[in-house]
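The sequence isn't on hand, but the structure is:
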């Protein structure tokens, strides 16, 4: 992959991802006023209309960058934009569908990257890893946001079945993730660099779950923030093997 394609790849992901975060904040502004009043819109730092316009501009830029490369890339980018908008607008209120959509979008970003080269078993593993990682994190976020979600009718495992059920389901997903992270070492012969980084991420996952087991919203917030940082390290482990 040449430098120009790398710039297009990361720029497309940046603009579509940023647009998705902004549109999500736009539709979440009332919920965030309860759960996270310090966020830009409920705190008054940014007006809702400004956020909406900014997200649309970012989506258009991301789509144009994808179109400049290939039809496959533009199709994947279009699917991502539609899904991230539908998630923010309505899918997050549908039981499990919202969680699965977010996890799938993360995996789709990796698949998008493979469209610049080729889809391999290593890409498939990294995509599945990203899916499971974000699915488990989504269930923990349900604990973090449970009060606001109940008030505004956002249906999550935590808001319907309780925070304890959400925690145990999250633990189950992360156990599958840890098993998946270890599998390439024995089956595909991944090297020392991957092994060290993967085990480091697994340790962070376990520590995060220990924080979240209190089932308190603040502790779940700390856990999901730790996991957000660990997610990049986990995916970097797969990149290290490819290098």
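Good, I have the coordinates. Here the structure is a predicted model, which means the values were calculated and not measured.

how is this protein carved up into domains?
1-101, 120-243 (automatic domain parsing).

chain center to the shortest one: distance?
Average the C-alpha atoms of domain 1-101, do the same for its chain, and the two points are 12 Å apart (Cα atoms, centre = their mean, to the nearest Å).

go on, the last one?
Averaging C-alpha coordinates over domain 120-243 and over its chain gives two centres that are 10 Å apart (Cα atoms, centre = their mean).

Mind checking the pLDDT average for that domain?
Average pLDDT, domain 120-243: 87.

shouldn't residue 148 be in contact with residue 31?
Yes - under the criterion of Cβ atoms under 8 Å, residue 148 is in contact with residue 31, at a separation of 4.3 Å. In this view, the C-beta of every residue, glycine as well, is placed from N, C-alpha and C.

which residues do the two both contact?
In the contact map built from Cβ atoms under 8 Å, 6 or more residues apart in numbering, the residues linked to both residue 148 and residue 31 are residue 154.

Let me see the contact set for residue 17.
residue 109.

And it, what's its pLDDT?
89.

How about the host helix or strand of it, which residues are buried there?
Per DSSP states H and E: residue 17 is located in helix 3-27. Residues 8-9, 12-13, 15-20, 22-27 are the ones in helix 3-27 that count as buried (16 or more other Cβ atoms under 10 Å).

One more: stretch 180-199?
Using 16+ other Cβ under 10 Å as the test for burial, stretch 180-199 gives 180-181, 184-185, 190, 194-195, 197-198.

which ones among those residues are found in helices?
180-181, 184-185, 194-195, 197-198 (DSSP state H).

Could you pull out the helices in the protein for me?
3-27, 29-35, 48-67, 71-89, 97-114, 121-144, 146-151, 157-161, 163-187, 192-212, 217-242.

Which among those is found nearest to residue 41?
With Cβ to Cβ as the measure, helix 29-35 is the member of the helices of the chain nearest residue 41 (4.4 Å).

and that closest one, what does it pack onto?
helix 146-151 (3 or more Cβ pairs under 8 Å, 6 or more residues apart in numbering; DSSP states H and E).
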